[in-house]
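J.: with the input below, show me the fold.
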Amino acid sequence: MRNTVVRMVDPDAGSVEADLRAGRIKCPRCGSGLRPWGYARTRPVREHGSPVSMRPRRSICPPCMKSPGAQKTHVLLPKVALLRRADTVATIGEALMSTHVDRCSRRAVAVRAGVSVNTVRGWRRRFRQRAEQIRVEFTELAHEWDPEQGAIAAQETPELDALEAIGVAAQAAVRHFGAADAEPVWQLVAGASAGRLLCNTSSPLPRPP
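T.: Residues are numbered from 1 along each chain as shown. Reported below is the predicted structural model:
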């Protein structure tokens, strides 16, 4: 849909609805409270091969409605998913860890994730292409969340560098926000990357609001 942008939100639909109606979910452009505006289309998402139906909430920014050319509606995508990916971020993240950290074969990773070998190959290819950008973005986040965070040790490959930066950023988030408010690591990654971890464009990862 024209003039639509995705905004990442908590996976709990009840809390999202309450926050949306109270104006606590902010427009990324102007900072005004977003308002309910129907639903996006229903989309299937696989969790380790098992299909789950998801219908994201849609919202609207009343002030931006008056601004020509501004993004007016916002799809509220739960942090369990990534943009234009048919599998949950946890499924994809665990597959990347199995591939690059545990050195599992593509076939073994595919079986565990419940997807085809070609799907795993696509995840690996895109992660390799974006590895340096992901490393930089999550290194910056780690130091933003914990200014005393030291240098992150270099790893053997760009992919391992990116995964190390993600892990360090997740630990820094726990120290910054507190363990009680800590998100699962791949849910944090989905939110911090605005769902674009494996985006098929060269655009930079947006900073989390």
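J.: burial count for the spatially closest residue to residue 175 that is not a sequence neighbour?
T.: In space, and not counting its chain neighbours, residue 175 is closest to residue 146: 5.3 Å by C-beta to C-beta, 6 or more residues apart in numbering. For every residue, glycine as well, the C-beta is placed using N, CA and C. Residue 146 has 17 neighbouring residues, counting by other C-beta atoms under 10 Å.
J.: which ones are touching residue 146?
T.: 172, 175, 176 (C-beta atoms under 8 Å, 6 or more residues apart in numbering).
J.: go through the helix or strand encompassing residue 5 and flag the buried ones.
T.: Secondary structure from DSSP states H and E places residue 5 in strand 4-9. By 16 or more other C-beta atoms under 10 Å, the buried positions in strand 4-9 come out as 5, 6, 7, 8, 9.
J.: which helix or strand lies directly C-terminal to it?
T.: With DSSP H and E, the next secondary element past strand 4-9 is helix 13-21.
J.: who does that following helix touch, helix- and strand-wise?
T.: Judged by 3 or more C-beta pairs under 8 Å, 6 or more residues apart in numbering; DSSP states H and E, the packing partners of helix 13-21 are strand 35-39, strand 57-60, strand 73-78.
J.: now do the helices in the protein.
T.: 13-21, 62-65, 89-100, 106-113, 117-145, 158-177, 185-192 (DSSP state H).
J.: nearest to residue 49, out of those?
T.: Among the helices of the chain, the nearest to residue 49 by C-beta to C-beta is helix 106-113 (6.9 Å).
J.: what's the angle between that closest one and helix 89-100?
T.: Helix 106-113 and helix 89-100 meet at an angle of 150 degrees, taking axes from the mean of the first three to the mean of the last three C-alpha atoms, to 10 degrees as the criterion.
J.: by contact count, what packs against helix 106-113?
T.: Against helix 106-113 (3+ C-beta pairs under 8 Å, 6+ apart) you get helix 89-100, helix 117-145.
J.: how about low-confidence regions in this structure?
T.: By pLDDT under 70, the low-scoring segments of the chain are 1-4, 69-71, 201-209.
J.: let's see it at 50
T.: Scanning the chain for pLDDT under 50 picks out 1-3.
J.: show me the contact partners of the strand holding residue 5.
T.: Residues outside strand 4-9 that contact it (C-beta under 8 Å, 6+ apart): 16, 19, 25, 28, 34, 57, 59, 71-79, 83, 190-191, 194-195, 208.
J.: again with stretch 87-104
T.: With C-beta under 8 Å, 6+ apart, stretch 87-104 has contacts from 45-48, 52, 79-82, 85, 106, 108-109, 112-115, 119-120, 123-124, 127, 157, 159-160, 163, 184-187, 189-190, 197-198.
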